[in-house]
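Peer 1: Sequence and predicted model, in that order:
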Amino acid sequence: MSPAAPSTKVPVLIAGAGPVGLTLALELAWLGVACMLVEPTEASSGNPKAKTVHQRTLELFRRWGRELPAKLRAAAPLGADFPSTILYVTRLTGALIMALHNATPADSSHRLSPERTMRIPQSFLEPVLREEVRHTAGIDFRVGWKLESFEQESDEVRAEIVHTASGERQIIFAQYLAGCDGGRSTVRKQSGIGLTHLSDIKQALGGVFHAPTLWSTLAFEKAFHYNVLNDDLPHLAVVGPLQPPDLWFFDLMGVDPSALDAAEIVRKAVGRQIPFEIRHAAPWTVHNALAERYRAGRVFLLGDAAHLQSPSGGYGMNGGVGDAVNFAWKLAAVIQGWGGEALLDSYEIERRQFHERALAETIQNSEDNELVTRGLEDPIRGEDLRAALGDRIQRTKPKNFQSLGISLGYRYENSPVILADGTPSTPYETSRYVPTGRPGHRAPHVWLPDGTPLFDHFGQGLTLLALGREVKYSGLAQAAEACGMPLTVLRRSEPELRELYQASLVLVRPDQHVAWRADVEPQDPGAVIDVLRGAASQAIH
């Protein structure tokens, strides 16, 4: 490190301003914790990367106010009414193999969530989040700066950041360092944390191309994915509209990018001569891996720094946003003095469960994508081969896209800061979500009589649902006040709420997960509050 460099003190230093780092910064600022966010790149790359934002992610964004989901909808290039159709074809001008309609998670009536899954590529989402960060007090956003190195002391992290253009250096003293710096994470590597790979590493080639006449050339209905299989391609190629009317993306996984020509991939996928121009093309690596641990003292890993997965299923970026929200409220609680160390320990305990389940789904989805079938365009055998492959796709692929059981149904078991009530777990199935108020689960969504969702009435700290006119809760409220834990009390008398949550008293965390429930106050309310805020073990409770 450079001892002569100027220095700055901040509560939290965040390395990396992708969707995860941006979310963490916004969440901390919303909770009243200042941070510095460093990002070496001036703008998002041309690579669209992640393309789907799950309902759950939008629910978490909505906690800051309904304006952000509305801004994202406005920025989404395909629009809310674009058909959620996925077509398997031999070429964009060839033969149909199988059509999957309504391919995104089905909740068009908002019965399960106040938000709907949104089709918005990362290259469109990041600018919206960056703009929010620039206009949010409490965030020192350093664009063009990168984390160079860091050292830990007992009570702080001493980091050196460098301006990539000028070489200027600065020392940052932070209470905590959050590594949101992607799959090649400097924070993870310098912390000596390795990766455990759960499947073989694969190479891929992806890009963006401009094709002004492709829509009029297509042989099929509009879809957001055209999965192309033919004898001229080494693997399944995904082609889809990025920004109508003329910007498209393509991806080809499980290939040697150095042996492929991007323009030739487009030609072979289209199947007819059309004018087009490659705007962006780059190799990328498909990992399915978990960091050996998510914490090293005062340093934490989030997003791709902690977990890497194939894009199949959309769990990478969406899971990273979940990491940021889970971690931020716990970190804010500790910094503000009402949270105990067990809160920080619970971050990995809880989030690793989700990542392990999501990775299992991703790996299965990737295996189900091994669909290469020779002869699909053969004039004699092709029709039968396409029919057989279509049947296989219909049996195996819908759950790749209809995954509400994972995106809304994930839960935290055996967490040190959640008090289980002994009730049996609900089914944990990919395509089936069962709303439940069981501790550890996402709180169920309900529309209230005034047309607002229950979620919009939760507080920034914990929320106590008092479901009934005569329910007493003064002991819990006093225990929260005594330790400085922010608590919003929400009394509701609708019987359907009591039926859904299966309790009269429910404590909901800032990340909208149920932490505790019962029909009456506990004999020792302080002991319950102490467990939930990470200040006491459950054995003591």
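Peer 2: Happy to help now that I have it.
Peer 1: Would you work out how far apart the start and end of stretch 516-536 are?
Peer 2: One end of stretch 516-536 sits 15 Å from the other (C-alpha to C-alpha, to the nearest Å).
Peer 1: How far does that stretch sit from its chain's centre?
Peer 2: The chain centre lies 30 Å from the centre of stretch 516-536; the measure is C-alpha atoms, centre = their mean, to the nearest Å.
Peer 1: buried residues in it?
Peer 2: Residues 516-518, 521-522, 525-536 are the ones in stretch 516-536 that count as buried (16 or more other C-beta atoms under 10 Å). Where you see a C-beta, it was placed from the backbone N, CA and C, and this is true even at glycine.
Peer 1: Show residues contacting the helix or strand where L60 lies.
Peer 2: Using DSSP states H and E, the element containing L60 is helix 55-62. For helix 55-62, the surrounding residues in contact (C-beta atoms under 8 Å, 6 or more residues apart in numbering) are 23, 68-69, 72, 105, 107, 112-118, 317-318, 321-322, 325, 404, 407-408, 442, 445, 455-456, 511-512.
Peer 1: Which of those residues fall in helices?
Peer 2: Mapping these onto helices (DSSP state H) picks out 23, 68-69, 72, 317-318, 321-322, 325, 404, 407.
Peer 1: Redo those as TSV? Include distance to L13.
Peer 2: Shown next, in TSV, are the ones in helices among the contacts of helix 55-62 (distance: C-beta to C-beta, whole Å):
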residue	distance to L13
T23	16
L68	24
P69	28
L72	27
M317	22
N318	24
V321	20
G322	21
V325	19
L404	36
S407	30
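Peer 1: What residues does the most centrally placed residue in the chain make contact with?
Peer 2: For the chain, the residue nearest the mean C-alpha position is N318 (1.3 Å; C-alpha atoms, centre = their mean). Each residue near N318 by C-beta under 8 Å, 6+ apart is listed here: 50, 52-54, 56-57, 407.
Peer 1: quick one: which of these is nearest M98?
Peer 2: T52 (19.9 Å; C-beta to C-beta).
Peer 1: Going along the chain, name the strands of the stretch 101-250 of the chain.
Peer 2: 118-119, 139-143, 145-152, 157-163, 169-179, 195-197, 202-210, 225-228, 237-243, 247-253 (DSSP state E, counting those that start in this stretch).
Peer 1: Can you classify W516 by secondary structure?
Peer 2: Per DSSP: H, G, I helix; E, B strand; the rest coil, the local secondary structure of W516 is strand.
Peer 1: same question, the one 10 residues further on
Peer 2: Under the three-state scheme (three-state DSSP), G526 adopts helix.
Peer 1: My guess is it contacts A479. True?
Peer 2: Yes: assessed by C-beta atoms under 8 Å, G526 is found in contact with A479 at 4.2 Å.
Peer 1: could you measure P245 against P77, distance?
Peer 2: 10 Å (C-beta to C-beta, to the nearest Å).
Peer 1: which residues touch the helix or strand bottoming out on mean pLDDT in the chain?
Peer 2: Counting by mean pLDDT, DSSP states H and E, the chain has its least confident helix or strand at helix 398-401, which shows a mean of 76. Applying C-beta under 8 Å, 6+ apart, the contact partners of helix 398-401 are 86, 100, 103-105, 312-313, 365, 368, 430-431.
Peer 1: May I have it exported as PDB, CA atoms only?
Peer 2: The C-alpha trace of helix 398-401 is given here as PDB (Å, rounded to 0.1, in the frame of the first residue of the first chain):
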ATOM      1  CA  PRO A 398     -41.100 -25.600 -18.700                       C
ATOM      2  CA  LYS A 399     -39.800 -25.800 -15.200                       C
ATOM      3  CA  ASN A 400     -36.700 -24.000 -16.300                       C
ATOM      4  CA  PHE A 401     -38.900 -20.900 -16.700                       C
END
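Peer 1: If you average the pLDDT over stretch 458-467, what comes out?
Peer 2: Averaged across stretch 458-467, pLDDT comes to 97.
Peer 1: Equivalent analysis for stretch 141-157, please.
Peer 2: The pLDDT scores in stretch 141-157 average 96.
Peer 1: Distance check, the nearest residue to R492 once chain neighbours are set aside against P114.
Peer 2: Take R492 and drop its neighbours on the chain: the residue closest to it by C-beta to C-beta, 6 or more residues apart in numbering is L467, 5.7 Å away. Look at L467 and P114: by C-beta to C-beta, they are 19 Å apart.
Peer 1: So which of the two has more stuff around it?
Peer 2: L467 (25 against 19; other C-beta atoms under 10 Å).
Peer 1: in terms of contact, does the more buried one touch L507 like I think?
Peer 2: No: because the distance of 12.0 Å does not satisfy C-beta under 8 Å, L467 is recorded as not touching L507.
Peer 1: So, low pLDDT: which residues of the chain?
Peer 2: 1-4, 45-46, 105-109, 539-541 (pLDDT under 70).
Peer 1: any idea how it splits into domains?
Peer 2: With domains defined by automatic domain parsing, the chain comprises 7-80+116-197+289-364, 81-108+202-281+373-410, 411-532.
Peer 1: Tell me which of those is the most buried.
Peer 2: domain 7-80+116-197+289-364 (a mean of 20; mean count of other C-beta atoms under 10 Å).
Peer 1: what's the first-to-last distance across that domain?
Peer 2: First-to-last residue span, domain 7-80+116-197+289-364, C-alpha to C-alpha: 48 Å.
Peer 1: Please name every helix or strand in contact with the lengthiest helix in the chain.
Peer 2: Secondary structure of the chain per DSSP H: the longest helix is helix 341-368. Packed against helix 341-368, as judged by 3 or more C-beta pairs under 8 Å, 6 or more residues apart in numbering; DSSP states H and E, are the following elements: strand 289-291, strand 295-296, strand 307-308, helix 315-336, helix 404-407.
Peer 1: can you give me the offset of that helix from its chain's centre?
Peer 2: 11 Å.
Peer 1: hmm, who's touching the first helix or strand past that helix going along the chain?
Peer 2: Under the assignment DSSP H and E, the closest C-terminal helix or strand after helix 341-368 is helix 382-396. Residues outside helix 382-396 that contact it (C-beta under 8 Å, 6+ apart): 88, 90, 95-98, 100, 229, 368, 371, 373, 375-376, 378.
Peer 1: swap in stretch 471-484?
Peer 2: With C-beta under 8 Å, 6+ apart as the contact definition, stretch 471-484 has outside contacts at 336-338, 462, 464, 466, 486-487, 489, 491, 504-505, 507, 520-522, 525-526, 528-530, 533, 535.
Peer 1: go on, stretch 121-141?
Peer 2: Residues from elsewhere that reach stretch 121-141, judged by C-beta under 8 Å, 6+ apart: 8, 10, 17-19, 22-23, 25-26, 28-29, 32-37, 39, 43-51, 53, 68, 71-72, 75-77, 242-243, 249, 317.
Peer 1: Just want to check the distance between the residue lying closest to V508 once chain neighbours are set aside and S474.
Peer 2: Closest residue to V508 apart from its sequence neighbours, by C-beta to C-beta, 6+ apart: T463 at 4.5 Å. Relative to S474, T463 is positioned 16 Å away (C-beta to C-beta).
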